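**Q** Kindly generate the corresponding structure for this input.
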Amino acid sequence: MFNKGKFIGIALGFVGLVLFSLLTMYVLTQAEKGKAEEVFESAQGSLSSLYETIEIQMKDAKKDGLLTLIDEKAVASAQLSLNDTEKRLSNLNGAHKENVKQELLPKMKGIEEYNVIVPIANQLQSRIHDTGKKVKDNPLDPGLSKKFTSLKEELAEFTELAAKIDDPSIKEFFQSRYKPQITRLEDQVTSYQNASNKIAELKSIAEKLSLPKGEFDQKVSKLSEEVAHLPYSNTNAGLQEEIKKASKEYETNRIAQEEKKRAEEKRLAEEKKKVEDKAEEETDEIFPMTFTMTSSSGFETIFSREPYGERYDDIDEIARRHGGRYYYVPESDVAAIFDENRKALAGLNYGFSTSVEYKELFIDLYAYYTGTSRDDAAALVGKVIDTGEPIETGEGNVNEGGSRLWTESGELHYDLW
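**A** Numbering: from 1, shown residues only. Here you go, the predicted structure:
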């Protein structure tokens, strides 16, 4: 016969057993989780400490300084810790396995990549330092060109190697670190080469005096200021000295050129004077300073061309244009223009007269005495010759003043009162 009380007891015992098993499993699971957390955090702390060391070194690194390797023993220890962590976590049902893959493994690889590339980077940095010293010693050294070519080839190889780094921050650090240093050195060399070329240009200008002094001085001042801002004082001092030499050479050549010009001007003036003196001597033979003219009645008149009075040079110049010279009778109002044969071309007193044959001479005298333009004078004289009619001004009263331009018997006359 079925015992109900006994069945209930058995059922309750079974349920208790199940509950105990579940509780035991829960306790064990939580223990495993705690153990996995402890294992992961231990490895994470070790790796993070090393990785933070790298980050600090990259942050604090001088822009052209050498870098320090992460201690190899610490790296090996971290690797062993990571290997042990992976093994222990695999025995704990793979807890934190994804975190290891996403966080710990990349950091470990970054640490290894950093330690691999640092020696190569330091070698490149040392080469840059060596080139920088040579630039500082003499930025105008022709051999620097080969140095930069070799250095840029090494940089290209390094950049290609850095591009293979998986860690983004480490890759960016090494890819951007060295090219600016080389570019800066190249720019310095270029600046010095440009300054040297400008100094050579200054020297050429100084030699040829191809610029006015003001423009040359401006170039000197501007270039001197430009050199003063270049980075290397020893080289700058040499360049400044070359600029001073160019400036001094310009001044020396300028003074020499002026002296040469003055000497040439003096020579030409002396030659001109010789020619003029010779011409004057020849003129004196043809046109003596004084001569005596004897009339048919035996009356002697002395004529002179010694400069005298305000109008002498002007009238003598007109006479020269027509092949004659201006003579006057001293202490009288009588004057005349004579040709080389002492033939009177024009007579001058209060007016003047010539034969129509010497119309051009008459026109020049008329223009000079009246202030009329030569074209107008020629027109008036031509009209008088053509018409025979005189041209008069004033009323003919001596006290009131006037003039008369007229012709008679082949003679042209101009009277002024």
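
**Q** after the least confident helix or strand in the chain by mean pLDDT, next one along is what?
**A** The least trusted helix or strand in the chain, going by mean pLDDT, DSSP states H and E, turns out to be helix 4-60, with a mean of 62. Downstream of helix 4-60, the first helix or strand assigned by DSSP states H and E is helix 72-91.

**Q** Return the set of buried residues in that following helix.
**A** 75, 78, 81-82, 85-86, 88-89 (16 or more other Cβ atoms under 10 Å). The C-beta positions use only the backbone N, C-alpha and C, and glycine is treated the same way.

**Q** ok, now stretch 129-136?
**A** 131-132, 134-135.

**Q** try stretch 136-146
**A** So for stretch 136-146, counting by 16+ other Cβ under 10 Å, buried means 138-139, 144.

**Q** With distance to His229, pLDDT and secondary structure as extra columns, can I get those residues in TSV?
**A** Putting the buried residues of stretch 136-146 into TSV (distance: Cβ to Cβ, whole Å; pLDDT from 0 to 100; DSSP: H, G, I helix; E, B strand; the rest coil) gives the following:
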residue	distance to His229	pLDDT	secondary structure
Asn138	19	96	coil
Pro139	14	97	coil
Leu144	21	96	helix
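
**Q** coming back round to it: now, which of the buried residues of stretch 129-136 lie within helices?
**A** With helices taken from DSSP state H, the overlap with those comprises 131-132, 134-135.

**Q** now for these, which pair is the farthest apart?
**A** Maximum pairwise distance in these, criterion Cβ to Cβ, is 7.3 Å, between Gly132 and Lys134.

**Q** still on that earlier bit, looking at the buried residues of helix 72-91, spot the one nearest Glu282.
**A** Among those, and counting by Cβ to Cβ, the member closest to Glu282 is Val75, at 112.5 Å.

**Q** separation between the closest one and Gln123?
**A** In this view, Val75 and Gln123 are 20 Å apart by Cβ to Cβ, to the nearest Å.

**Q** Over to Ala76?
**A** Distance, Ala76 to Gln123, using Cβ to Cβ: 24 Å.

**Q** How about Ile243?
**A** Counting by Cβ to Cβ, the gap from Ile243 to Gln123 is 40 Å.

**Q** Give me the more crowded residue out of these two.
**A** Ile243 (22 against 13; other Cβ atoms under 10 Å).

**Q** now that one, nearest residue through space, not along the chain?
**A** Ser224 (5.4 Å; Cβ to Cβ, 6 or more residues apart in numbering).

**Q** cool, and Leu185?
**A** Closest to Leu185 by Cβ to Cβ, 6+ apart is Val135, at 5.3 Å.

**Q** pLDDT value on the one you found, please?
**A** Val135 is assigned 97 on the pLDDT scale.

**Q** For Glu154, see how far away it is.
**A** From Val135 over to Glu154 the distance is 16 Å, taken as Cβ to Cβ.

**Q** With Gly214 instead?
**A** With Cβ to Cβ as the criterion, Gly214 and Glu154 are 50 Å apart.

**Q** more neighbours, these two?
**A** Glu154 (16 against 7).

**Q** Phi and psi next, for the more buried one.
**A** Dihedral angles of Glu154 (phi, psi; degrees, to the nearest 10) stand at phi -70, psi -40.

**Q** now swap in Leu202 and tell me
**A** Per-residue torsions, Leu202: phi -60, psi -40 (degrees, to the nearest 10).
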